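Trainee: Kindly return the folded structure for what I paste below:
(one chain, ligands or ions: 1)
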Amino acid sequence: MDEAQPSRSRWRRPARLAALLGLLATSLVAWLGVPQAVHQGLWAVQAQASPTLPTVVLVVLDNVRADQTSLCGSSLPTTPALDRLAHRPDASFTCKAIAPGAWTLPSHASYFTGLWPWEHRADWADQASHVLAFDVRPLAPEVTSLAELHKQRGRATVMIAGNPLLGAGAGLEQGFDTVVAAKTYYEGRGDWIDTSLREVLARPAVRDAAGLFLVVNIFDAHDVWAAVPAGLGWLPAQPQADYGAGDQGGATRLLRRELPEPERTLWLRQIRQGYQYGVYTEDRSLDAVLAALDQAGWTAPGLQLVVTSDHGEMLGEHDAVSHGAFVFQATQQVPLVTVGLGDCSGGGGWISSIVTYRALADGRCPDQSPEASSYVPPQRHFDQQSAGRWGHVARFAAWQGDAQVELDGEELHAWRAGTGESEPLDAAPAHLLQRIARIRTTLEQQPSPTQIASPATQAALKALGYVQ
Ligand SMILES: [Zn+2]
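Mentor: Numbering: from 1, shown residues only. Okay, the predicted model is just below:
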């Protein structure tokens with residue numbers, strides 16, 4: 001099958017058959033003299049839901065940074081579905097949303113609870129025994145998640161996750177009746193989201209519910225990226241791109257500045273193109289999700305939708321690829337599109353994508369947008385990889401107006417926001433320093449972490465490649 005074309009034909013064929021059967025039935029019913037209204041009910045598609053509550057949906061485009069979407073400035077047609085969605089009359093969007101965490105676990109935990117990473121602490125967590133190079137603390141079961149909230153309100157709660165971490169026991173599953181998560185990095189790609197969602201929507205327990213709360217995580221823009229097929233028209237064909245794991249992998253050699261030219265340029269180009277094709281594939285899945293909901297009757301009572309990302313991806317900035325160990329603009333600036341929730345655009349200023357929680361809990365965007373800040377705890381594995389041969393590592397960052405401030409240990413860096421750190425500021429604005437100081441105080445005031453992941457969770461995360 002040509003990978004450039006989604007295999008929707010699988011769905012079109014039965015749809016055509018159903019239409020043909022419907023036509024035959026209509027003729028038969030008309031011939032028999034049965035009123036029109038009756039045959040419509042008789043021949044309705046089995047998967048059709050008839051909800052009474054508005055459908056609440058969060059789509060996380062995993063690993064998609066804002067500037068690589070055509071909505072937010074890419075010159076390549078990477079996200080046509082997102083563009084269309086953002087320009088609907090009932091939509092709002094911003095390209096200046098900042099993800100609260102540096103990787104999947106903390107940002108999803110923030111979207112699900114409204115708590116900041118420095119409050120919920122579901123993130124990297126060093127373990128005193130040093131059995132693992134680093135460890136992960138799951139989301140605490142005591143907090144109330146969006147899924148629990150919507151379950152109480154009578155909705156079926158469903159999560160479809162291309163990222164295997166969401167089903168790996170890190171606490172993100174809490175409150176969901178149904179979790180379908182990919183088992184490996186490779187499984188949840190391409191048409192997997194579409195196929196999995198349609199299968200779940202057809203289950204009687206979901207189909208017959210009064211309402212639906214749905215979370216979809218789409219994972220194609222995360223490494224390892226699929227091969228770019230021939231005939232796309234805007235990207236050349238190339239084989240599967242990969243950072244390459246271990247000491248001799250491209251990512252480590254780039255970070256240590258051991259990748260000579262022209263190898264460096266060629267390697268980075270392949271990573272970037274694999275990533276761009278991944279963003280495009282995620283966008284196709286977004287389109288499929290919207291179509292599936294529409295066709296199954298879930299948009300009829302109203303749709304409250306947020307589409308955003310959990311973090312971005314370094315594509316060579318600071319001699320780095322990947323994400324998860326630092327909070328630079330490339331890994332934190334994400335798109336945010338809402339439908340049926342009022343105006344979540346933040347009036348053109350920097351906002352946090354944590355607004356997702358408030359908007360989906362209340363059914364409307366809050367009057368005041370949350371301030372844009374990010375934090376990640378130290379990540380020993382990355383520090384070992386970079387081996388001190390690297391520049392600063394931003395672990396706290398805050399954005400407002402024209403300014404962006406990063407803190408590495410006790411060292412401060414201030415930049416003109418949006419310039420990709422090419423324009424340093426003479427002084428860091430006081431209000432951003434105060435914000436970072438408040439985050440540090442919150443972290444210091446927390447009791448020492450006790451809830452380290454269980455051995456089973458550790459094993460699961462290790463198998464998925466999240467810990468070594
Ligand atoms: Zn992620």
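
Trainee: Please make it C-alpha for all contacts and neighbour counts, starting now.
Mentor: Fine.

Trainee: How about the closest residue to the ion within the stretch 201-350 of the chain: what's its closest non-neighbour residue?
Mentor: Per Cα to the ion, residue 310 is where the stretch 201-350 of the chain lies closest to the ion, at 5.4 Å. Leaving aside its sequence neighbours, residue 310 sits nearest to residue 107 (Cα to Cα, 6 or more residues apart in numbering; 5.3 Å).

Trainee: State the distance from the one you found to residue 232.
Mentor: Per Cα to Cα, to the nearest Å, residue 107 is found 32 Å from residue 232.

Trainee: go on, residue 88?
Mentor: Remark: distance between residue 88 and residue 232 (Cα to Cα) = 27 Å.

Trainee: Got the confidence number for residue 105?
Mentor: As predicted, residue 105 sits at a pLDDT of 93.

Trainee: would it count as being in a helix?
Mentor: Yes. Applying DSSP: H, G, I helix; E, B strand; the rest coil, one finds residue 105 inside a helix.

Trainee: wait, doesn't it sit right on residue 123?
Mentor: Yes. If you go by Cα atoms under 8 Å, residue 105 and residue 123 touch, sitting 6.1 Å apart.

Trainee: for this structure, longest helix please?
Mentor: With residue count as the measure and DSSP state H as the assignment, the chain has helix 263-295 as its longest helix.

Trainee: Identify the residues contacting the helix or strand harbouring residue 213?
Mentor: Taking DSSP states H and E as the criterion, residue 213 maps to strand 211-218. Contact with strand 211-218 is made by 51-62, 147, 150-151, 154-163, 188-189, 193, 206, 282, 285-286, 298, as judged by Cα atoms under 8 Å, 6 or more residues apart in numbering.

Trainee: Out of those, which sit inside strands?
Mentor: Cross-referencing the contacts of strand 211-218 against strands under DSSP state E gives 55-61, 155-161.

Trainee: send the alpha carbons of stretch 421-438 over as CSV?
Mentor: Listed next in CSV are the C-alpha coordinates belonging to stretch 421-438 (Å, rounded to 0.1, in the frame of the first residue of the first chain):
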residue,chain,number,x,y,z
GLU,A,421,17.7,32.2,21.5
SER,A,422,19.7,34.2,19.0
GLU,A,423,18.9,37.5,20.6
PRO,A,424,20.1,37.7,24.3
LEU,A,425,18.6,40.3,26.6
ASP,A,426,20.8,42.5,28.7
ALA,A,427,18.7,41.7,31.8
ALA,A,428,16.1,39.2,32.8
PRO,A,429,12.7,40.8,33.5
ALA,A,430,12.0,40.8,37.3
HIS,A,431,8.5,39.4,37.0
LEU,A,432,9.8,36.3,35.1
LEU,A,433,12.6,35.8,37.8
GLN,A,434,9.9,36.0,40.5
ARG,A,435,7.8,33.4,38.7
ILE,A,436,10.8,31.0,38.5
ALA,A,437,11.6,31.7,42.2
ARG,A,438,8.0,30.7,43.1
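
Trainee: Quick check: residues of the stretch 101-250 of the chain near the ion?
Mentor: By Cα under 5 Å from the ion, the residues of the stretch 101-250 of the chain that approach the ion are residue 104.

Trainee: any low-confidence regions in the stretch 101-250 of the chain?
Mentor: The stretch 101-250 of the chain contains residues with pLDDT under 70 at 126-134, 245.

Trainee: all helices of it, in order?
Mentor: Ranges of helices in the stretch 101-250 of the chain, per DSSP state H, counting those that start in this stretch, are 104-113, 117-120, 146-152, 192-201, 204-207, 250-255.

Trainee: which residue does this structure bring closest to the ion?
Mentor: Residue of the chain nearest the ion, by Cα to the ion: residue 104 (3.4 Å).

Trainee: for the nearest residue to that residue once chain neighbours are set aside, what are its contacts?
Mentor: Nearest non-adjacent residue to residue 104, counting by Cα to Cα, 6+ apart: residue 310, 5.9 Å away. Going by Cα under 8 Å, 6+ apart, residue 310 touches 60-64, 99, 101-104, 107-108, 334.

Trainee: are any of the residues you listed buried, and which?
Mentor: For these, a burial check counting by 16 or more other Cα atoms under 10 Å picks out 60-64, 99, 101-104, 107-108, 334.

Trainee: hang on, isn't residue 102 packed against residue 323?
Mentor: Yes. Using Cα under 8 Å, residue 102 is in contact with residue 323, at 6.6 Å.

Trainee: which residues do these two both contact?
Mentor: By Cα under 8 Å, 6+ apart, residue 102 and residue 323 have these common neighbours: 311, 331.

Trainee: residues contacting residue 348?
Mentor: 94, 96.

Trainee: which stretches of the protein form strands?
Mentor: Assigned by DSSP E, the chain shows strands spanning 55-61, 91-98, 155-161, 178-181, 211-218, 303-308, 314-315, 321-322, 333-339, 351-352, 372-375, 396-400, 403-408, 411-416.

Trainee: so can I have TSV of those strands showing distance to residue 81?
Mentor: Output for those, formatted as TSV (distance: least, Cα to Cα, whole Å):
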stretch	distance to residue 81
strand 55-61	12
strand 91-98	13
strand 155-161	19
strand 178-181	23
strand 211-218	14
strand 303-308	11
strand 314-315	23
strand 321-322	25
strand 333-339	11
strand 351-352	23
strand 372-375	26
strand 396-400	28
strand 403-408	30
strand 411-416	31
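
Trainee: thought residue 379 was touching residue 325?
Mentor: Yes. If you go by Cα under 8 Å, residue 379 and residue 325 touch, sitting 5.7 Å apart.

Trainee: So the two - more neighbours on which side?
Mentor: residue 325 (23 against 19; other Cα atoms under 10 Å).

Trainee: still on that earlier bit, just the buried ones from the contacts of strand 211-218?
Mentor: Applying 16+ other Cα under 10 Å to the contacts of strand 211-218, the neighbour count classes 51, 53-62, 147, 150-151, 155-163, 188-189, 193, 206, 282, 285-286, 298 as buried.
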